[in-house]
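# with the input below, show me the fold.
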Amino acid sequence: MTREPTAPALRVEGLVKRFGATVALDGVDLTLQPGEVHALIGENGAGKSTLLNVVAGAIRPDRGRMFVAGEPYTPGSPLDAKRRGIALIHQELMLCPHLTVAENVVLGAEPRTRAGRFDAGAARARASALLRNFDHPEIDPDARVGRLPLAARQVVEICRALAADVRVLLMDEPTSSFQRPDIERLFVLIRRLASRGIGVVYISHFLEEVREIADRYTVVRDGRSLVEGRIDETTNDALIEQMVGRSMGGHFPRRAASAAQDVLLEVDHLAAPPAVRDASFTLRRGEILGIAGLIGSGRTELVRALFGLDRPVSGRITLAGRPLPLAGAGTPQRLSQGFGFLSEDRKGEGLALPMSVTDNLTATRLSASVRRLGILDVARQRKHAGHWIAHLGIRARSPAQPVRTLSGGNQQKVVLGRLLYQNADVLLLDEPTRGIDVGSRAQMYEAIAGVAAEGKAVLMVSSYLPELFGMCDRLAVMSRGRLSEARPIAEWTPGAVLAASIGGADIPVAHESSSLTPSTP
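Next up is the predicted model:
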């Protein structure tokens with residue numbers, strides 16, 4: 001007797017979804033086998049996140065069919081999807097900040113006592129068991145999610161998806177806020193789930209991650225599934241060309257060696273407890289200074305303290321030879337002094353989501369569109385916004401489109417565009433390319449290199465080492481609240497950066513060869 005082949009864990013046929021005049025999905029096909037990790041690859045706005053939201057029951061398609069384990073599948077809501085074993089880990093976290101970690105993890109499947117009440121102890125035990133996969137002892141199951149850093153919240157989001165009886169796990173940029181140790185722990189967990197027959201759809205803009213974890217791939221462009229195959233039978237260059245429809249060449253812009261220019265920003269023994277204990281560096285005009293470090297090292301808190309969001313208690317900040325007061329210096333003062341800040345949390349801090357693309361792009365320099373009598377010149381404001389929409393390749397129906405309706409990558413371009421329009425002298429960039437596809441990332445790099453070439457000073461915090469090695473003139477490492485000496489990028493290797501991050505000391509750099517090359521994002 002011939003044995004019937006196992007039905008796909010998920011099959012999608014000809015999915016179509018329109019939002020007004022915008023075609024988000026234009027006949028997408030996808031087949032996911034049980035126990036397979038299937039990468040979904042494409043630029044921002046290609047339709048990847050829309051596809052996952054359709055499968056997860058959050059969006060209803062206009063046309064097409066779906067099957068789960070061979071059975072027709074038409075979810076009416078995310079709860080319907082969860083009951084069929086479909087779980088989605090969102091790129092933009094969908095957590096309840098006022099609830100605890102444990103309450104978020106079991107949300108929708110709350111354990112009950114015999115009396116029918118919420119069983120807080122069982123919820124705490126379930127959350128603790130899932131958190132052990134990530135070895136994050138600082139994440140307390142009883143802590144309010146809203147008080148956790150972004151990377152910790154991403155761990156909670158993943159644990160919540162795993163708390164259900166999952167048959168198909170949809171992962172949309174799950175590592176966007178992770179350091180390498182967290183990525184490795186996540187990959188161990190994904191392989192464990194796949195060995196149990198769970199199918200995983202994995203979206204990532206980092207092709208080295210895709211190559212490491214995925215079995216097969218599908219490329220999506222302009223809402224259409226173009227090509228699929230085994231990941232080990234293609235190259236990164238071929239994938240990129242299929243994604244963007246053209247050859248990308250080098251991913252990082254060619255930059256002339258940074259000529260010695262005037263010191264614009266000098267920071268001397270700055271402390272902003274508890275996260276920042278001691279940070280000193282100089283930043284010259286035309287320079288890009290990178291800051292590496294593990295999550296919780298104090299790197300984000302350092303740039304927040306420089307921008308007046310966190311309060312330093314000691315040290316000195318000198319701008320163009322002029323000391324800046326620490327006491328009473330907030331964000332308005334820093335803006336007027338020529339600082340611009342890009343937050344790692346674009347949804348919570350970087351954007352006014354209900355407002356238009358135009359309003360977000362011009363928010364920190366609105367005076368340029370105001371007439372003498374104090375009246376806003378809307379046409380002039382829209383013209384300014386249109387310039388940056390075109391310059392950064394922001395995909396929007398119009399400048400009046402609410403920024404919340406853009407893809408995550410296009411939202412990130414809007415955040416950077418605001419700093420460029422603001423004409424800030426010192427750009428403080430915290431994870432500037434988080435959630436950005438390869439093509440968009442190259443555009444962002446060109447824009448950042450361009451402002452440095454104009455004589456601006458750039459301080460870039462990033463978890464992505466190829467980005468730091470490909471873009472920066474010098475690099476310093478933050479560890480346990482202390483910043484190492486900044487050295488020319490040629491004197492660092494990935495191993496030395498990791499050693500300095502873990503060791504908490506200014507590790508002497510060994511000039512060993514490395515497989516990490518700046519041209520491979």
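
# could you look up the SS state of the spatially closest residue to residue 70 that is not a sequence neighbour?
Ranked by C-beta to C-beta, 6 or more residues apart in numbering and with sequence neighbours excluded, the top spatial neighbour of residue 70 is residue 7, at 3.2 Å. From N, CA and C alone the C-beta is placed, and that goes for glycine too. Recorded secondary structure, residue 7: coil (DSSP: H, G, I helix; E, B strand; the rest coil).

# separation between residue 7 and residue 305?
As for residue 7, its distance to residue 305 is 55 Å (criterion: C-beta to C-beta, to the nearest Å).

# these two: which is more packed in?
residue 305 (25 against 14; other C-beta atoms under 10 Å).

# need the contact list for the residue nearest to residue 70.
Residue 7 sits next to 67, 69-70 when contact means C-beta atoms under 8 Å, 6 or more residues apart in numbering.

# from those residues, pick the one nearest residue 455.
Residue 455 has its nearest neighbour among the contacts of residue 7 in residue 67, at 58.0 Å by C-beta to C-beta.

# skip the chain neighbours and tell me the closest residue to that closest one.
In space, residue 67 is closest to residue 11, 4.4 Å off (C-beta to C-beta, 6+ apart).

# that neighbour and residue 55: what is the separation?
Applying C-beta to C-beta to residue 11 and residue 55 gives a distance of 11 Å.

# equivalent analysis for residue 434, please.
Counting by C-beta to C-beta, the separation of residue 434 from residue 55 is 24 Å.

# what of residue 68?
From residue 68 to residue 55 the distance is 9 Å (C-beta to C-beta).

# and stretch 165-179, end to end?
By C-alpha to C-alpha, to the nearest Å, the extent of stretch 165-179 from end to end equals 28 Å.

# what does stretch 291-302 give?
One end of stretch 291-302 to the other measures 10 Å (C-alpha to C-alpha).

# now that stretch, how far from the chain's geometric center?
Taking C-alpha atoms, centre = their mean, to the nearest Å, one finds the center of stretch 291-302 at 15 Å from the center of the full chain.

# stretch 49-66 too?
On C-alpha atoms, centre = their mean, the centre of stretch 49-66 falls 23 Å from that of its chain.

# can I see the domain layout of this protein?
10-244, 253-338+424-521, 355-422 (automatic domain parsing).

# okay, helices next: where are they in the stretch 101-250 of the chain?
Counting by DSSP state H, counting those that start in this stretch, the stretch 101-250 of the chain has helices at residues 101-105, 120-131, 150-162, 180-195, 207-213, 236-244.

# need the winner for burial among those.
Across the helices of the stretch 101-250 of the chain, averaging neighbours per residue (mean count of other C-beta atoms under 10 Å) puts helix 101-105 on top, at a mean of 26.

# tell me what it is packed against?
On a contact count with 3 or more C-beta pairs under 8 Å, 6 or more residues apart in numbering; DSSP states H and E, helix 101-105 meets helix 120-131, helix 150-162.

# dump those helices to CSV, plus mean pLDDT and distance to residue 222.
Output for the helices and strands packed on helix 101-105, formatted as CSV (pLDDT from 0 to 100; distance: least, C-beta to C-beta, whole Å):
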stretch, mean pLDDT, distance to residue 222
helix 120-131, 91, 37
helix 150-162, 82, 28
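
# identify, from the contacts of residue 7, the entry nearest to residue 178.
Using C-beta to C-beta, the contacts of residue 7 come closest to residue 178 at residue 69, 30.8 Å.

# list the contacts of the residue nearest the centre of the chain.
With distances taken as C-alpha atoms, centre = their mean, the residue of the chain nearest its centroid is residue 434 (2.8 Å). Neighbouring residues of residue 434 by C-beta under 8 Å, 6+ apart: 176-177, 344, 346, 412.

# ok, and the most crowded of those?
In terms of neighbours by other C-beta under 10 Å, the contacts of residue 434 top out with residue 412 at 27 neighbours.

# wait, that residue sits on residue 435?
Yes - in this structure residue 412 lies within contact range of residue 435 using C-beta atoms under 8 Å: 6.1 Å.

# ends of stretch 85-94, how far apart?
Using C-alpha to C-alpha, the end-to-end distance of stretch 85-94 comes to 18 Å.

# mean confidence score for that stretch?
Across stretch 85-94, pLDDT averages out at 82.

# buried stuff in that stretch?
Buried residues in stretch 85-94, defined by neighbour count with 16 or more other C-beta atoms under 10 Å: 85-93.

# pick the one among the residues you listed closest to residue 191.
Using C-beta to C-beta, residue 89 is the member of the buried residues of stretch 85-94 that lies nearest residue 191, at 16.3 Å.

# state the phi and psi torsions of that closest one.
Backbone geometry at residue 89, expressed as degrees, to the nearest 10, gives phi -100, psi 110.

# ok, it touching residue 161?
Yes - Residue 89 lies in contact with residue 161 (C-beta under 8 Å); the separation is 4.8 Å.

# can you list residues touching both of the two?
Common contacts of residue 89 and residue 161 (C-beta under 8 Å, 6+ apart): residue 169.

# returning to that earlier point: lowest mean pLDDT across the domains of the chain, which one is that?
Minimum mean pLDDT among the domains of the chain: domain 253-338+424-521, a mean of 85.

# just give me the neighbour total for the residue nearest to residue 242 when sequence neighbours are not counted.
The shortest distance from residue 242 to any non-neighbouring residue, by C-beta to C-beta, 6+ apart, is to residue 219 (4.5 Å). Around residue 219 there are 24 other residues, counting by other C-beta under 10 Å.
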